[in-house]
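Participant: The following comprises the amino acid sequence and a computationally predicted model.
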Amino acid sequence: MKTVLIVSLGDTRSWMKPWIDQIDTHFPVRVHSLSSAELGNNLPLDYDRFIFTGKSLLLHRENIARICAAANIDPLRVFSYPEEHLPQSMDDEKINQWNSYLHQVILAPEAEQPVEAINLHLIKKIAVLGKNPIDDSILEEFQKVGLEIFQPIFPFAIERQGIQYCIESQTGATIVGGVVVVPEFQPVFSYPIPNEVDDTRKVFFLEDFKNKVPMRNFRKQTAVFLIPEVMVSAETWSTLYDISQLLVQRDQAQVFILCREAVVAGDGLERKYLESRKSGVLIEKIDFSRLILQPSLDMRGSWVRFVTERDGISQKILSDWLIKVPGKKFIPYDFTKIFSGDRLIPSLSPLNNINLPLYSLPLEGWYQLPDNKLTIDTHYAIQEVIDYFQRGVTAERNRAMVDEEKCVLCLTCLRTCPWSAIDIEGTSKRKKARINWEQCHLCGLCSTSCPAGAITLYGLEMGKDQHNSRRLEVMGVSENTGKI
């Protein structure tokens, strides 16, 4: 009789216990249920199968591997089922689909290769790169949690070494667990203000206008803040919300904030945004390519014409003050002579996407600070780095394997792997490719591109009827037959 353990990563359904009590009469299987908090190294049985239930976003391979490493579970024995498709009760029609899925799990063949999920610990040392001196307050944040700081002096080279990075410099080789880049930034305001509008002398940058606010009365005047950039720091938005709300409440001024995207993600930003809107500040998302600025006839202000994104309505207002809110332009850090890998990485530029954090980089263990001073955004970036070191990296041993008899050493996998996880080992007469499991991300590019078919990703094979959850798409299971 096979044994199955259902592990709930989210809410435990009330119907689960009575369902388990009656399941023995329907299937030749013994079923137990635990929450993820109850899951540990000392399981009551050596279970044949595991079913993880939870929100879809929690069921990605990396998270499942991390849980398997903590509980000493073979990832190939794990199947996943989205919580969104679980029955709400024993009478729910989805119960048939759930029973069918359990039937498929029971019938799934044994894994061809045992796989071990291992949580690898990072060296508690971090390299901080920057052309300008790094602010001491930033370095202190890392040191508070026990991270040793290493600041290499140019010239130096960086290459992967398993999950760590090796930095070769004039002082020798230093191994670090991650790299933080503090790039150069320059303020940018991309919308061109017409010269005749500048001549009104009522156009200021936010920093200059902020200094005027305490000393001047703007009673019943109109102020328009222009924010054409997407990448504007949370600190700048916080200042903007404070000033605009003050002008409305203190001076009964009319305030417009014209932007590409309003930022509310940050400590207290959502509250300030709502308070500003409640006080009467008008915040509009617009297309700056359709923004028109013209001076008034008396040159005491400017006419502002724009089209709102929300409803496409064209509006025209007479402003007394135009305030330019600059964003940040990222100056890429030059990596052409620094990073050593199988492919050239000239720079690590973050994506220009308002929905992604300013510190995200496309290389694991690498982070970029949004500023060279301790701001709200910098705090988020530092915390992300700290979380990475505390979490470590989970890898799966023996999941990706090279068949030595099939390998013809064409080096296609070596050239294809984006993670530099392919090593060539052996004597000159009998060399073969080997997959560095610590570095492998299981993307499958080597397996699909190998002309000899010598590379297998167990549980992740393409085009085969596998028992892994990636091929057991829940929505494709037949309620009547249980077939995929």
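Facilitator: Thanks, I have the structure now.
Participant: show me where the stretch 151-300 of the chain has helices.
Facilitator: Assigned by DSSP state H, counting those that start in this stretch, the stretch 151-300 of the chain shows helices spanning 195-198, 206-212, 234-251, 269-279.
Participant: Check these for me and report the most buried one.
Facilitator: Of all the helices of the stretch 151-300 of the chain, helix 234-251 has the most neighbours on average by mean count of other Cβ atoms under 10 Å, namely a mean of 20. To be clear about C-beta, it is placed using only N, CA and C from the backbone, and glycine gets the same treatment.
Participant: what helices or strands is that one leaning on?
Facilitator: Secondary-structure packing of helix 234-251 (3 or more Cβ pairs under 8 Å, 6 or more residues apart in numbering; DSSP states H and E): helix 206-212, strand 222-227, strand 254-259, helix 269-279, helix 376-391.
Participant: so which of the ones you listed gets nearest Phe154?
Facilitator: Closest to Phe154 of these, according to Cβ to Cβ: helix 376-391, at 22.2 Å.
Participant: one step back: let's have the helices of the stretch 151-300 of the chain in TSV, adding mean pLDDT and distance to Arg415.
Facilitator: Shown next, in TSV, are these (pLDDT from 0 to 100; distance: least, Cβ to Cβ, whole Å):
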stretch	mean pLDDT	distance to Arg415
helix 195-198	95	54
helix 206-212	94	49
helix 234-251	93	42
helix 269-279	93	46
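Participant: Which one, of those, ends up nearest to Ile106?
Facilitator: Taking Cβ to Cβ, helix 269-279 is the member of these nearest to Ile106, at 47.9 Å.
Participant: quick one: low-confidence ranges for this protein?
Facilitator: 12, 24-27, 41-42, 44, 336-337, 339-362, 427-429, 461-484 (pLDDT under 70).
Participant: Domain ranges for it, per the record?
Facilitator: 2-119, 125-183+332-391, 187-326, 400-457 (automatic domain parsing).
Participant: Quick check: closest non-adjacent residue to Leu409.
Facilitator: Excluding its sequence neighbours, the residue lying closest to Leu409 (Cβ to Cβ, 6 or more residues apart in numbering) is Lys431, at 5.8 Å.
Participant: Helices along the stretch 301-450 of the chain, start to end?
Facilitator: Using DSSP H, counting those that start in this stretch, helices in the stretch 301-450 of the chain cover 376-391, 412-416, 445-449.
Participant: now those as CSV including distance to Pro370 and mean neighbour count?
Facilitator: Listed next are the helices of the stretch 301-450 of the chain as CSV, based on distance: least, Cβ to Cβ, whole Å; neighbours: other Cβ atoms under 10 Å:
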stretch, distance to Pro370, mean neighbour count
helix 376-391, 4, 17
helix 412-416, 33, 17
helix 445-449, 32, 18
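Participant: Can you check which of these gets nearest to Pro295?
Facilitator: helix 376-391 (36.1 Å).
Participant: follow-up on the earlier one: put together CSV for the helices of the stretch 301-450 of the chain, with distance to Gly172 on each row.
Facilitator: Listed next are the helices of the stretch 301-450 of the chain as CSV, based on distance: least, Cβ to Cβ, whole Å:
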stretch, distance to Gly172
helix 376-391, 23
helix 412-416, 28
helix 445-449, 33
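Participant: Nearest to Gly327, out of the helices of the stretch 151-300 of the chain?
Facilitator: Of all these, helix 234-251 comes closest under Cβ to Cβ, at 8.1 Å.
Participant: ok, Asp46 - how many residues close by?
Facilitator: Asp46: 6 surrounding residues under other Cβ atoms under 10 Å.
Participant: Likewise for Asp91?
Facilitator: As a burial measure, Asp91 scores 8 neighbours (other Cβ under 10 Å).
Participant: now Arg43: how far from Phe50?
Facilitator: Not Arg; residue 43 is Leu. Computed as Cβ to Cβ, to the nearest Å, the Leu43 to Phe50 distance reads 10 Å.
Participant: neighbour count winner among the two?
Facilitator: A count of neighbours by other Cβ under 10 Å puts Phe50 above the other of Leu43 and Phe50, at 25 against 17.
Participant: I'd assumed Ile51 was in contact with Val7.
Facilitator: Yes. Counting by Cβ atoms under 8 Å, Val7 touches Ile51, with 7.1 Å between them.
Participant: does Asp21 sit in a helix, a strand or a coil?
Facilitator: Three-state call for Asp21 (DSSP: H, G, I helix; E, B strand; the rest coil): helix.
Participant: circling back to that earlier point, relative to Val176, which of the helices of the stretch 301-450 of the chain is closest?
Facilitator: That would be helix 376-391 among these, by Cβ to Cβ, at 10.6 Å.
Participant: Check which helices and strands that closest one sits against.
Facilitator: Contact here means 3+ Cβ pairs under 8 Å, 6+ apart; on that basis helix 376-391 packs against helix 136-144, strand 178-181, helix 234-251, strand 366-368.
Participant: Just want the angle from it to helix 269-279.
Facilitator: 150 degrees (axes from the mean of the first three to the mean of the last three Cα atoms, to 10 degrees).
Participant: and Lys144, how many neighbours does it have?
Facilitator: Neighbours of Lys144 under the rule other Cβ under 10 Å: 10.
Participant: What separation is there between it and Gln390?
Facilitator: 13 Å.
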